[in-house]
Every structure is written in C-alpha cells, then in structure tokens.
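Student: I'd like to go over a predicted model; first the sequence, then the structure.
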Amino acid sequence: MVSVIITTYKREFTMLKEALDSVLSQTYVPMEIIVVDDNGGNGEYTLRIEEGLKAYPEIIYIKQPHNSGAQAARNTGIMASHGEFIAFLDDDDLWEPEKLAMQIPCFENPGVGLVFCQGYVFDDGDIGNRRLYHQEGTFKEEPDFNGMLENDTIGTTSQAVVRRTVFDDCGMFDVGFPARQDYEMWLRILKRYKAAGIDVPLFNMRVHKGERITSDPMRGIRGYQKVYKKYKKDFKQNRAARTNLLNEICWRLWKQAHRYPESILYAVRLFFINPGFVLGKGRMGKLGRILKRVMIGIVALLALAAVWQKIMSDQDTLELSFYHVKSGKVREGFRIVQLSDLHLKEFGENNQELVARVKLLEPDIIAITGDMNMEHDDDYHVVLDLCRQLVDITDVYYVMGNHELVDYAHRKTKIRDDIEQTGVHMLFNDAEMIQVNTNDIYIAGLINEPYNYVEYGGKRFMDEYVRSEEFKLLLVHYPEYFMGELEDMPVDLALCGHAHGGMVRIPYLGGVYATEQGFFPSLTEGQHEINESVVIISRGLGQSHPFPRINNKPEIVVVDVNWY
C-alpha cells in the first residue's frame, strides 16, 4: 500500500480538490490518502476544507492545532500513515495517472529508498502550455550523495515516493529549516540508500501568486545556508559542490533579495575557494567583473574604518538611545529602560556607573532582555549584584537569552532561582498584568530560540497572548522572531537584544554581522515597524567574545510611551 500525504495551507479548496482528484485517478490501486490541514484552528480555509471533504469520505483528514510549517505537517502525515511506501503531494500540484504505477516497481531493488520522476511546470490557469521541470539533459536517473551536493537533481516532494523504513532509519523532515527541507531530506537519504529516477513527466507543478515558500527569497537563502552548515564537512571535501552552493546563495542574494553587500562578501569568499569560477564567464561573470573593480576599494575602506573606529570607540562609554512610542491603549505616559547583553561586563566597580545612569532616567519599568551572563561561567555574581541594585529603583522584568538558557536548561544551574531571589520578575513563556501609573500593561516574556518555537510551547503561548486587548509589552531576546515566526503576530511594543548591533557598524551600511542573520543583517538595533508591531532592538552592553565593538558603543535603551 502507498500512503499519499497531501499538505495544505492557505489554499482554496478548489485547488486542493484538483490535487485530490489527480490522486484518485491513479491507475495504482492500493492507496490511503491523508490530508494534513496546517491552517491551524477553525479559520475560513479549514472550514471550506472540512465542507469540501464531505464528498470524499474515504480521505483521512488531520487538522493541525497550530500552523507548524510544511515539514512538520508532512511529519504528522508520516506518523499517521500505514503504507509500505510514502508519497507526497503539495495541494497546488497535480499527478499524472500513471505516476505511482511507474514508480512503485522501482522498489523491487531493496537498496532503493527513494524514487522520483520528471515533471512539468505550468502557470496557473494555463496547463495546456507546460514546460519540463528538469531541463532537457539534466535529469539524473541514479543520483548519488556527492552529485546531489553539487546540484539538487531530484527536486520537490511532489515527485517523490519513499520507502517507509527509510524514515525510521534516517529520521523525518527537519523542522528547523525555513526552506529547502526537501533537498536536505534527499541528502540524508542518499547517504544510506540509492535513488531511482524515472525520466517521464509524471507530476505537474503549478506556479501561482498564492502562499508559497518560494515567494520569500530570504527563506530559500536561509535554507541553503542551513544545508551548508549541516553538511559543512562534506562540502569542504567536494570543491565543486562548495562552489555551486556558495554561488547559489551569492546569486540569490544579488538577484532576488537585492542584498548587494552580503552578496559581494559571498563572492569574495567564493573567490578564495575557486577564483577561476568567480572571474570566468559563467553565472558569476558580471559579479566577478564588479568584484575585480571593487575588491581593492572594499578592503581599503574596511581597513580604514576598522582603524578609525578602534581609535574612536570607547568600550566603556555608555550611550543613551531614546525612542518614543504612541498608543491609543495608554492613558498616561510611562518610561521603560531596557538593558541587554551585558555578558558579565562591569561599568565602574560593581556596575555603579550603569546603575547611576539608570537611576537618573527615573524609569517606571526596567526590562532586561537576556544574555547578562556568560554561558558555562558559574560565577555570575555580576548579574545578581546588578539585579539587587536595580530592584531598589523600580520593578524589574527579565527574559532569558541563549546564554542563560544554556546554563538553566542544559547545565541545570540555579541561575533562574538566584535571579528571582533578588526580587526580579522572571518571565518564562508567561505574562503578567501589571499597572504602570494608570495603565494596564500585559507584559510577557518569550524564551524559546526561534528554531524550537513550536516544539517547546512558544507558539502556543503567543497564540494566546496576542488575543489580549490591553497594551502588550513583549520581551524577547531574539529579533529574528520578527523575520518569520512573529511577523504576523501584532504586539504593541517588543524589546529585543541578541544581535549586539552587528558588532562592527559601518556608516550608512549598519551592522556587519549577527550570529543568526549573517552578514549585513537587517535587525540589529533601533526602532522598526513590522506589520502592526513596534520592535526596538538594543545593541547591548557587552560582548561574548574578545572581538571589540567598533562604532558601536554600549547602549542603554530608553523607551517613552505616550511621553508627550
């Protein structure tokens, strides 16, 4: 039996119906069909799906309680399936009637774990004008691991059938990938099994303007970056594969995302790996010519900037950054002072200079957004001493960063209890209703790292939190949440840290590097309007490594809400 898993998200039922009918038209009979609805809850898409599926009583219907992403939905379908083979179909794609009948016999070879096929691509509403998915001459009937490292010659999940035991052996789709999770899955399978390709068009991929992962170029780029990181040792042993993937990232940053400085940095990196490829006449040709002209200038400018900033910057000079936020939910103005990313640094003996500056600001709330300690350092008395002094000024609310979480969750230290004993309010995926002056403020702390936001309850908490009608003040260490998971979850004010201002700040370009965002990141400091949320990011107070902050003074953030 073949278990066919169809995932659906933000699609009209008419499109899902076409996909279902293409499966039911298969000439191969022993099938179970599982539809996994990833819309979450009982919204309009789900209601239309439930109504439409009444005409298909033989279909197994699974409704995800929360939107978890395509890979998590596929994993749900795999766990609910009973077939010896698993086939996948996106709800906007279609199968040809002979697809399964031609693919299943390939599994007679016990070493084959994955069977895929050629296909067509068509524009929505124009299926009569189709073109080949794999360009003529590029289809590989027997791809191997090293060949797949060099080029993804398989493609999407809609063309694949996988032996069920393969998932038991290799694991399921990696939910930590924002995109390219199919490519990563095929690489994992090809490390242990053979793949067989049928060079016959047996599926149809629809190109449309609706909700698609490929509509956000940065998701695809981040997916490729995670593939490179996960298989870094393999890429280092295969120069052609390393060249191709770095070129793919570089090209997408330039052509699709228009992030030119970061693209040029990838080009420089690629130049030292394979200079002939960069300076040749291939896809890197134009960028290679640009690179030749600007490389000397960039190196000179960076060197001059680094020397100038090293002379000018004072690592112990505190800088105040003031922001003003307006809200109709606030009756009387109030002031928040935000501290972040201290990393055990001291400004004056026992941080007396820092405390004195905060006290002069007369805050109504002090918000601490994580990484005040250093992970694996059991002596965090600097944090505790600072907390004891701050609670004498006003109420202090604290959300953990990755450094505190390592010590608390993995090393099982008492850092959470010790901080709470100073009188600080620790917010641990929870919220408190507080009164500030005459205002009701719903203050919350989200502690998860973005990659386990769903798994450890962060999304469940946020789904409930954003329903509140009160002024919502969210403390979250990671600004990267607002590049994905929290983009469509409006809060009145979010305070973040983590990015350290990009460490080295270049005039007009901003920060150079942030751990989660790469080179020339977009969210490292300042105030941002993201959909309906106001997001303020602190550059922080210290650093977690010896490299100095350049043009990036330690920062105390002051946020005045309805101050005038």
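Tutor: On my side now, so go ahead. Residues are numbered from 1 along each chain as shown.

Student: need the helix or strand of the chain with the lowest average pLDDT.
Tutor: Lowest by mean pLDDT, DSSP states H and E among the helices and strands of the chain is helix 285-312, with a mean of 66.

Student: which residues touch Gln64?
Tutor: Contacts were defined as Cβ atoms under 8 Å, 6 or more residues apart in numbering; by that measure Gln64 touches 36-40, 72-73, 76. Backbone N, C-alpha and C define where each C-beta goes, glycine included.

Student: Give me the next element, helix or strand, following the least confident helix or strand of the chain.
Tutor: For helix 285-312, the following helix or strand on the C-terminal side (DSSP states H and E) is strand 319-325.

Student: tell me how far whatever helix or strand comes next after that following strand is from the chain's mean position?
Tutor: Beyond strand 319-325 in the direction of the C-terminus, DSSP H and E gives the next helix or strand as strand 334-339. Between the centre of strand 334-339 and the centre of its host chain there is 28 Å, according to Cα atoms, centre = their mean, to the nearest Å.

Student: which helices and strands sit right next to strand 334-339?
Tutor: Counting contacts by 3 or more Cβ pairs under 8 Å, 6 or more residues apart in numbering; DSSP states H and E, strand 334-339 is packed against helix 352-360, strand 365-368, strand 555-561.

Student: Let me see the ranges of the helices in the stretch 401-550 of the chain.
Tutor: Under the criterion DSSP state H, counting those that start in this stretch, the stretch 401-550 of the chain carries helices at the ranges 402-405, 415-421, 458-465.

Student: Out of these, flag the one nearest Met218.
Tutor: helix 458-465 (20.4 Å; Cβ to Cβ).

Student: other SSEs contacting that closest one?
Tutor: In this structure, helix 458-465 makes packing contacts with strand 439-446, judged by 3+ Cβ pairs under 8 Å, 6+ apart.

Student: Please spell out which residues along the strand it packs on are buried.
Tutor: 439, 441-446 (16 or more other Cβ atoms under 10 Å).

Student: Give me the distance between the strand or helix carrying Ile33 and the centre of its chain.
Tutor: Secondary-structure assignment from DSSP H and E places Ile33 in strand 31-37. From the chain centre to the centre of strand 31-37 is a distance of 27 Å (Cα atoms, centre = their mean).

Student: Can you list the residue ranges for strands in the stretch 401-550 of the chain?
Tutor: Taking DSSP state E, counting those that start in this stretch to define them, one finds strands in the stretch 401-550 of the chain at 425-426, 430-436, 439-446, 471-476, 493-496, 505-506, 510-511, 513-514, 518-519, 526-530, 533-537.

Student: Just put the ones you listed in a markdown table and tack on mean pLDDT.
Tutor: Shown next, in a markdown table, are the strands of the stretch 401-550 of the chain (pLDDT from 0 to 100):
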| stretch | mean pLDDT |
| --- | --- |
| strand 425-426 | 96 |
| strand 430-436 | 94 |
| strand 439-446 | 94 |
| strand 471-476 | 96 |
| strand 493-496 | 96 |
| strand 505-506 | 87 |
| strand 510-511 | 90 |
| strand 513-514 | 90 |
| strand 518-519 | 91 |
| strand 526-530 | 94 |
| strand 533-537 | 95 |
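
Student: what's the closest of those to Gly276?
Tutor: Closest of the strands of the stretch 401-550 of the chain to Gly276 is strand 518-519, at 23.8 Å (criterion: Cβ to Cβ).

Student: residues making contact with that closest one?
Tutor: Here strand 518-519 makes contact (Cβ under 8 Å, 6+ apart) with 225, 261-262, 265-266, 512-513.

Student: From these, list the buried ones, please.
Tutor: Among those, those scoring as buried are 225, 262, 265-266, 512-513 (criterion: 16+ other Cβ under 10 Å).

Student: For the residues you listed, give me CSV that also has distance to Ile104.
Tutor: Listed next are the buried ones among the contacts of strand 518-519 as CSV, based on distance: Cβ to Cβ, whole Å:
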residue, distance to Ile104
Gln225, 36
Glu262, 45
Leu265, 47
Tyr266, 42
Val512, 52
Tyr513, 49
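
Student: which one of those sits closest to Tyr397?
Tutor: Relative to Tyr397, and with distances defined as Cβ to Cβ, the nearest of the buried ones among the contacts of strand 518-519 is Tyr513, at 29.4 Å.

Student: measure that closest one to Val557 for me?
Tutor: As defined by Cβ to Cβ, to the nearest Å, Tyr513 lies at a distance of 21 Å from Val557.

Student: what's the answer for Asp144, then?
Tutor: Using Cβ to Cβ, Asp144 is found at 52 Å from Val557.

Student: So which of the two has more stuff around it?
Tutor: Residue environment comparison for Asp144 versus Val557 gives the larger neighbour count to Val557, 26 against 13, counting by other Cβ atoms under 10 Å.

Student: Any idea which of the helices of the stretch 401-550 of the chain gets closest to Leu354?
Tutor: Closest among those, using Cβ to Cβ: helix 415-421, at 16.8 Å.

Student: follow-up on the earlier one: what's the most buried one of the helices and strands packed on strand 334-339?
Tutor: Burial of the helices and strands packed on strand 334-339 is given as mean neighbour count (mean count of other Cβ atoms under 10 Å); strand 365-368 ranks first at a mean of 26.

Student: Would you point out which residue is most central in this structure?
Tutor: In the chain, the centroid-proximal residue (Cα atoms, centre = their mean) is Pro178; its distance is 5.3 Å.

Student: and that one, what element?
Tutor: Using DSSP H and E, Pro178 is not contained in any helix or strand.

Student: residues near Arg74, how many?
Tutor: Other residues within reach of Arg74 by the criterion other Cβ under 10 Å amount to 25.

Student: Now name the helix or strand holding it.
Tutor: According to DSSP H and E, Arg74 maps onto helix 70-80.
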